[in-house]
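> Here's a sequence, model it:
(one chain, ligands or ions: 1)
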Amino acid sequence: MKLTIDDVRSRFIKHLGGEPGYVYASPGRINLIGEHTDYNEGFVFPGAVEQGMIAEIRPNGTRTIRAYSIDLKDYDEFSIDDEKGPKASHFRYLFGVAREMMKLGVPVEGFDTAFAGDVPLGAGMSSSAALESTYAYAINDLFGENKIASMDLAKVGQATEHNYLGLNCGIMDQFASVHGKKGNLMRLDCRSGEFEYFPWEPKGYRLVLVNSCVKHELAGSPYNDRRNSCERVAKALGMPSLRGASMEQLEAIKAQISEEDYKRAKYVIGEEARVYAVCDALQKGDYETVGQKMYETHEGLSKDYEVSCEELDFLNDVAKDCGVTGSRIMGGGFGGCTINLVEDHLYDTFTKTVKEQFKAKYGKEPIVIDVVIGDGARRLC
Ligand code: GAF
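Just a heads-up that it's a prediction; the model follows:
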């Protein structure tokens, strides 16, 4: 993380006054494969990144949260007992997490806090999960004697999205932000909650994000519509979710569902198979297959799930033309980044070409981010 404890501490003292408190941090995430599978009870393959959110927090012995956003230069204070909470979404994350922790029986009290982040906003790297995980972890540490299990901290972040931001997201982002481990990706079974760490050390390849800078905004977006489509198809199949559904089963009910719902489910069923194929390929060190599956995911997200945009499709095409091993939309879609599996020797050509060609077409350079897999939620001091 580029931001230091001193950066956040000096702003905290300036805007909140008094003595320092404690500093916590949580990361954003990438996802190798398994997109829009989490709320379908399938598998995901995320890893935490080095970029994240950092917050100074000091209990203040009242029932009020006094919060300063360093990046947005915005201050607000709000009671943890007033159901309405603050209006601005950047404060609703903190408020929601505090309220959800209270629901779990944690004796949350008021606190003074300042926070900042270096996860690019709207890039699909989940700055919001990083913020939620920072406060869930901190509140557990400061008021809850660390009694809440890590998966429940992730669920607190997810419930915050559902109940305070109106986004019916899955568990992937908050899971990754809480559980991340340096140098490791994680395969999570979103039905059982079981997960495994996979050391990520591909010889001769690297992961590179290309941020289209088309702002991806999920709350209030067609994201919830995608989830509703999946749930309608699962219901028509008589299954609790699309996990484990086959193309044959989908074909059998095709006449009963809309063309749109059919396409959404087709993508999800294909993506489940791709996650299994990627796990197999990784075990054999077969990165060509991993990359091929990434391209297939992009195709599905673009044509059937319809969460791409012109700029992301363009980035994907440029990657293909440059001979990049794998490339696809990462995260919820509707803007943000592509994730690319690039052979070391192609890195310079690819990053130069993608910047030039994107700028020539859209008038601005996309931002290249080299992925470094980092640690999950933690206390820094
Ligand atoms: C967003 C959501 F928050 C996740 O839960 C997940 O569904 C992802 O989109 C798509 O895989 O990041």
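> Does whichever residue of the stretch 1-150 of the chain sits closest to the ligand belong to a helix, a strand or coil?
At 4.0 Å from the ligand, E35 is the closest residue in the stretch 1-150 of the chain, using CB to the nearest ligand atom. (Each C-beta comes from the backbone N, C-alpha and C, glycine too.) Classification of E35 by DSSP: H, G, I helix; E, B strand; the rest coil places it in coil.
> Just confirm it contacts G270, I think it does.
No. With contacts defined as CB atoms under 8 Å, E35 does not count as touching G270, sitting 11.0 Å away.
> which of those two has more neighbours?
E35 (31 against 17; other CB atoms under 10 Å).
> can you pull the contacts of the more buried one?
The neighbours of E35, taking CB atoms under 8 Å, 6 or more residues apart in numbering as the test, are V44, E271, T297, L301, R328, I329, M330, G331, G333.
> What of F45?
N31, L32, I33, G34, L185, M186, R187, L188, F198, V275, V278, C279.
> Check M151 too.
F175, V178, G193.
> Need those in JSON lines (columns: secondary structure and distance to T351).
As requested, the contacts of M151 are exported to JSON lines (DSSP: H, G, I helix; E, B strand; the rest coil; distance: CB to CB, whole Å):
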{"residue": "F175", "secondary structure": "helix", "distance to T351": "30"}
{"residue": "V178", "secondary structure": "helix", "distance to T351": "31"}
{"residue": "G193", "secondary structure": "coil", "distance to T351": "37"}
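> what's the closest of these to the ligand?
F175 (8.9 Å).
> correct me, but that closest one touches G47?
No. Counting by CB under 8 Å, F175 does not reach G47; the two are 11.1 Å apart.
> Do a quick rundown of the strands in the stretch 51-200 of the chain.
Assignment of strands within the stretch 51-200 of the chain using DSSP state E, counting those that start in this stretch yields the ranges 64-69, 74-79, 111-117, 184-189, 195-199.
> Who are the packing partners of the third one?
Which is strand 111-117. Applying 3 or more CB pairs under 8 Å, 6 or more residues apart in numbering; DSSP states H and E, one finds that strand 111-117 contacts helix 5-16, strand 46-59, strand 64-69, helix 127-143.
> That one versus helix 5-16: what angle between them?
Taking axes from the mean of the first three to the mean of the last three CA atoms, to 10 degrees, strand 111-117 and helix 5-16 form an angle of 130 degrees between their directions.
> what about strand 111-117, distance to the chain center?
Remark: strand 111-117 is offset 21 Å from the chain centroid, using CA atoms, centre = their mean, to the nearest Å.
> Name every strand pairing with it and say which way it goes.
strand 46-59 (antiparallel), strand 64-69 (parallel) (DSSP bridges).
> Please apply the same query to the second one.
When pairing is defined by DSSP bridges, strand 74-79 lines up against strand 64-69 (antiparallel).
> Could you see whether the ligand lies near stretch 148-157?
No. Counting by CB under 6 Å from any ligand atom, the ligand is not contacted by stretch 148-157; separation bottoms out at 9.7 Å.
> Tell me which residues of that stretch come out buried.
Neighbour-count burial for stretch 148-157 flags I148, S150, M151, D152, L153, A154, K155, V156, G157 (criterion: 16 or more other CB atoms under 10 Å).
> May I see the residues you listed arranged in CSV, with distance to T134 and pLDDT as well?
Below are the buried residues of stretch 148-157 laid out as CSV (distance: CB to CB, whole Å; pLDDT from 0 to 100):
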residue, distance to T134, pLDDT
I148, 14, 98
S150, 14, 98
M151, 17, 98
D152, 16, 98
L153, 10, 98
A154, 12, 99
K155, 16, 98
V156, 12, 99
G157, 9, 98
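> Pick out whichever of these sits closest to V307.
Distance to V307, by CB to CB, is smallest for G157 among the buried residues of stretch 148-157, at 21.6 Å.
> Now for the closest one: which residues touch it?
By CB under 8 Å, 6+ apart, the neighbours of G157 are V97, A129, E132, S133, A136, D173, Q174, S177, V178.
> Helices along the stretch 201-350 of the chain, start to end?
Secondary structure of the stretch 201-350 of the chain by DSSP state H, counting those that start in this stretch: the helices cover 223-237, 247-252, 259-284, 287-303, 310-321, 347-362.
> Export those helices to a markdown table and append columns for mean pLDDT and distance to the ligand.
Output for these, formatted as a markdown table (pLDDT from 0 to 100; distance: least, CB to the nearest ligand atom, whole Å):
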| stretch | mean pLDDT | distance to the ligand |
| --- | --- | --- |
| helix 223-237 | 97 | 7 |
| helix 247-252 | 98 | 20 |
| helix 259-284 | 97 | 9 |
| helix 287-303 | 98 | 9 |
| helix 310-321 | 98 | 14 |
| helix 347-362 | 98 | 23 |
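> Put together JSON lines for those, with distance to I13 on each row.
Shown next, in JSON lines, are the helices of the stretch 201-350 of the chain (distance: least, CB to CB, whole Å):
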{"stretch": "helix 223-237", "distance to I13": "39"}
{"stretch": "helix 247-252", "distance to I13": "58"}
{"stretch": "helix 259-284", "distance to I13": "46"}
{"stretch": "helix 287-303", "distance to I13": "45"}
{"stretch": "helix 310-321", "distance to I13": "41"}
{"stretch": "helix 347-362", "distance to I13": "40"}
